[in-house]
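Colleague: Task: produce atomic coordinates for the following.
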Amino acid sequence: MREVSISQLWGRAWDLFKVNWPLFMVLLVSLPSIIVILIPIYLLVPISVLLAYILPMPVLVRAGYLVARKGQLSSREVFRDLSSLLRIFVYELTLLLILWILLRMAHLGWWASDILVVADFIILFLSSFGWAAPYYVLSGRAGILSAIGQSFSLTWWNFSKVFVALLSFIGLLILGLLLLGLGLLMEVPILILGGMLLCGLWLLVVLPMGFIFLPLLYLALTGEEGASHA
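Modeller: I've put the predicted structure just below:
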């Protein structure tokens, strides 16, 4: 394990994002739009939204991982290994299925509402322990199910660093939503539009940085080789 601070990892993610921002802009904007357009949204709105999230995820995860490993990346390299994209897709579906089952089981009991909220929070919190599983799969170190177990182990033994790292990512995302919220509170059309634009621009920077930051964290904790810092 390499001793790297969270601020250093974000700084490295920013440097790598600046080199690869055109690729991430294309992936973030085009992939969800194409998926939603291809599905009859007036018939299958929930499925459209779910697929717009789940289908681009393997591409974005692989892109972030390859950027963290190599530095600069072309779109051709992202789609070169379709088998790895398929494995990440299966992982995302597996994780969502496990979450859905656990949440449904929690809601089947005759729990008080406050206890139910706590149970939901615990389930969602534990799901975050699987953050590194896609990178174990992409590195070839584990299969889908064993990758989840290894991710839990990695998180457990590095809990404080991982907790701060994930919290910093969530905090940056919330900051973007606050920009939107400030615009909505003003109730002035031009300020609402400005808040929406600022929020959108903020997320277009923070999201790809997050897809680079997480594999950088994984590489630092596992000691695998990453992109040169030059």
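Colleague: Burial check on residue 178, number of neighbours?
Modeller: 14 (other C-beta atoms under 10 Å). Heads up, the C-betas are built off the backbone N, CA and C, glycines and all.
Colleague: Need the three-state assignment for it.
Modeller: helix (DSSP: H, G, I helix; E, B strand; the rest coil).
Colleague: Would you mind measuring from it to residue 199?
Modeller: 8 Å (C-beta to C-beta, to the nearest Å).
Colleague: and the next element down the chain from the lowest-mean-pLDDT helix or strand in the chain?
Modeller: In the chain, the helix or strand scored least confidently by mean pLDDT, DSSP states H and E is helix 45-54, which has a mean of 61. The element immediately downstream of helix 45-54 (helix or strand, assigned by DSSP states H and E) is helix 56-70.
Colleague: Just the C-alphas of that next one, formatted as CSV.
Modeller: In CSV, the C-alpha atoms belonging to helix 56-70 read as follows (Å, rounded to 0.1, in the frame of the first residue of the first chain):
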residue,chain,number,x,y,z
PRO,A,56,-23.1,3.7,-19.3
MET,A,57,-21.7,2.7,-15.9
PRO,A,58,-19.4,-0.1,-17.1
VAL,A,59,-18.0,2.2,-19.8
LEU,A,60,-17.4,5.1,-17.3
VAL,A,61,-15.9,2.8,-14.7
ARG,A,62,-13.5,1.2,-17.3
ALA,A,63,-12.6,4.6,-18.7
GLY,A,64,-11.7,5.9,-15.2
TYR,A,65,-9.7,2.8,-14.3
LEU,A,66,-7.7,2.9,-17.6
VAL,A,67,-7.0,6.6,-17.1
ALA,A,68,-5.8,6.0,-13.6
ARG,A,69,-3.6,3.1,-14.9
LYS,A,70,-2.3,4.7,-18.2
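Colleague: All the strands of the chain, residue numbers only.
Modeller: Applying DSSP state E to the chain gives no strands.
Colleague: can you map out the helices along it?
Modeller: 6-38, 45-54, 56-70, 75-78, 82-108, 113-127, 133-138, 144-157, 159-186, 189-222 (DSSP state H).
Colleague: Tell me which of these sits most buried.
Modeller: helix 133-138 (a mean of 26; mean count of other C-beta atoms under 10 Å).
Colleague: Just the CA trace of it, in PDB.
Modeller: C-alpha atoms of helix 133-138 as PDB (Å, rounded to 0.1, in the frame of the first residue of the first chain):
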ATOM      1  CA  ALA A 133     -15.100  -4.600  -6.700                       C
ATOM      2  CA  PRO A 134     -15.200  -3.300 -10.300                       C
ATOM      3  CA  TYR A 135     -11.500  -2.600 -10.200                       C
ATOM      4  CA  TYR A 136     -10.700  -6.100  -8.800                       C
ATOM      5  CA  VAL A 137     -12.600  -7.400 -11.800                       C
ATOM      6  CA  LEU A 138     -10.900  -5.100 -14.300                       C
END
